[in-house]
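Asks: I would like the atomic coordinates for the input below:
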Amino acid sequence: MSQARIVAHFQSSLSALTEAAHDDALLRTACAIAETAVAALKAGRKLLLAGNGGSAADAQHLAAEIVGRYKIDRSGFAAIALTTDTSALTAIANDYGFADVFARQVQALGQRGDVFWGFSTSGTSPNVIAALKTARAQGLVTVGFTGARGGAMAASCDTLLMAPTADTPVVQQIHMMAGHAICDAIEHAMVAAGNATR
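Replies: Now for the predicted structure:
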């Protein structure tokens, strides 16, 4: 088997990650997302996260970093991935349709001042857009993670992080790089403010 395809993927990923690392707008957006999360957590609010497929994995991964720890041994912060409760997901999808699987959970669990993070590499996932609209209607802060096209989710996001590529796997890699950086910023800010002692 030729290594050419593997090398090509590494090179395209490296190029996109390097571009993202030098994208001032993206970096400012990541900083704004971290600041929004810190403000919510300090106020006793929580983060809700959701996405489909690989983006569901990203939502779960980042929620785990926030509840558990990123690098610092500290108390947990409130974050819930709306992708993990199979009974809720299947019941809502069966009774109301798959487009409502996240919006219904946001309606039930979200409170004014919470923050909803929606992940959609295309920016057009109906269930993520529905959740963003529900979150905004309930007074949650809305954050989107998407690719270069932006998509329909932009209209429902207070803050939108757009990876500088439309290649789905690479978009997800940039989301995780940005997500880890945001987790690091959240963790350090909360510890520095004395909000994260065990």
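
Asks: now this structure, which segments are flagged as low pLDDT?
Replies: 196-198 (pLDDT under 70).

Asks: Got the phi and psi for the closest residue in space to residue 138 that isn't next to it in sequence?
Replies: Taking Cβ to Cβ, 6 or more residues apart in numbering, and ignoring the residues beside it in sequence, residue 138 has residue 110 as its nearest neighbour in space, at 5.2 Å. C-beta coordinates here come from the backbone N, C-alpha and C atoms, glycine included. As for residue 110, its main-chain torsions (degrees, to the nearest 10) stand at phi -80, psi 140.

Asks: Would you mind finding the longest helix in the chain?
Replies: For the chain, the longest helix by residue count, based on DSSP state H, is helix 168-192.

Asks: Could I get the buried residue list for that helix?
Replies: 170-179, 181-183, 185-190 (16 or more other Cβ atoms under 10 Å).

Asks: just stretch 83-90 next, same as before
Replies: So, applying 16+ other Cβ under 10 Å, buried residues of stretch 83-90: 83, 88-89.

Asks: Over to stretch 47-61?
Replies: 47-52, 54-61.

Asks: hey, C-alpha coordinates of it in PDB?
Replies: Taking Å, rounded to 0.1, in the frame of the first residue of the first chain, the C-alpha atoms of stretch 47-61 are listed here in PDB:
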ATOM      1  CA  LEU A  47     -22.600  24.400  29.100                       C
ATOM      2  CA  LEU A  48     -24.700  22.200  26.800                       C
ATOM      3  CA  LEU A  49     -23.000  20.700  23.700                       C
ATOM      4  CA  ALA A  50     -24.300  18.800  20.700                       C
ATOM      5  CA  GLY A  51     -23.400  17.600  17.200                       C
ATOM      6  CA  ASN A  52     -23.800  14.700  14.900                       C
ATOM      7  CA  GLY A  53     -21.400  11.900  14.000                       C
ATOM      8  CA  GLY A  54     -17.800  13.000  14.500                       C
ATOM      9  CA  SER A  55     -19.200  16.300  15.800                       C
ATOM     10  CA  ALA A  56     -21.100  14.300  18.500                       C
ATOM     11  CA  ALA A  57     -17.800  12.800  19.500                       C
ATOM     12  CA  ASP A  58     -16.300  16.300  19.600                       C
ATOM     13  CA  ALA A  59     -19.100  17.500  21.900                       C
ATOM     14  CA  GLN A  60     -18.700  14.600  24.200                       C
ATOM     15  CA  HIS A  61     -14.900  14.900  24.300                       C
END
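
Asks: For the residue most central in space within the chain, name its beta-bridge partners.
Replies: Centroid-nearest residue in the chain: residue 117, 4.3 Å away (criterion: Cα atoms, centre = their mean). According to DSSP bridges, residue 49, residue 143 are recorded as the beta-bridge partners of residue 117.

Asks: about what we covered before: and which of the buried residues of stretch 83-90 is nearest residue 146?
Replies: Of all the buried residues of stretch 83-90, residue 83 has the smallest distance to residue 146: 16.8 Å, by Cβ to Cβ.
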